[in-house]
Structures are given as structure tokens and as C-alpha cells.
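# fold the following and give me the result.
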Amino acid sequence: MKDETMVVLKECNSVTEAEIIKSILDSAGIWSMINNENMSAIYPTGVIPAQIVVREKDAEKAEALLSHR
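Down below sits the predicted model:
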């Protein structure tokens, strides 16, 4: 995973929304992580959004999965 390209799949206004999306991706076997998780919890909504990050090779599958939610 060291040399894999990571992409931001989605930006969320709340950590709760980001955690739900991460859970959906995890359930489908898609590795993901949340950037800015702590900062977005401290600052008001939308100032520093939580970002869902996935491997570039999984981005298309992840987008398709989330489009059906």
C-alpha cells in the first residue's frame, strides 16, 4: 500500500456522516480512511470537512456503491 495512489472520494460536513460512509465501504471490502476527522469535529460545519480517502483503484467501485445509498 506504500506506493498506491490515494484519492479523496467524498468530503463530509460531519464526522458522523464520514463514519457511516466508511462503514459502508468497509462492509463492501473497500479500504478507506478519514482525513481531518479530529479537525472537522472541532470546527463548525463545513470549515474543515472530513474527507473519505480510498485507493485510486477502488474509487470507481466506491463511487458506484455510494451512488445507491
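
# which secondary structure element of this structure has the lowest mean pLDDT?
Least confident helix or strand of the chain, by mean pLDDT, DSSP states H and E, is helix 37-42 with a mean of 67.

# strand partners (parallel or antiparallel) of the next helix or strand after it?
Downstream of helix 37-42, the first helix or strand assigned by DSSP states H and E is strand 50-55. Sheet pairing of strand 50-55 (DSSP bridges) gives strand 6-12 (antiparallel), strand 32-35 (antiparallel).

# could those strands go into CSV alongside distance to Val47?
All C-beta spots, glycine's among them, are computed from the backbone N, C-alpha and C. Shown next, in CSV, are those (distance: least, C-beta to C-beta, whole Å):
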stretch, distance to Val47
strand 6-12, 12
strand 32-35, 14
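
# could you export those strands as TSV, including mean pLDDT?
Formatted as TSV, the strands paired with strand 50-55 follow (pLDDT from 0 to 100):
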stretch	mean pLDDT
strand 6-12	94
strand 32-35	94
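
# compare those and give me the one nearest Ser67.
strand 6-12 (11.0 Å; C-beta to C-beta).

# now that closest one: buried residues?
Within strand 6-12, the residues that qualify as buried are 6, 9-12, counting by 16 or more other C-beta atoms under 10 Å.

# any idea how far the residue nearest in space to the middle of the chain is from Ala28?
Centroid check for the chain by C-alpha atoms, centre = their mean gives Ile52 as the closest residue, at 1.5 Å. Distance of Ile52 to Ala28, given as C-beta to C-beta, to the nearest Å: 13 Å.
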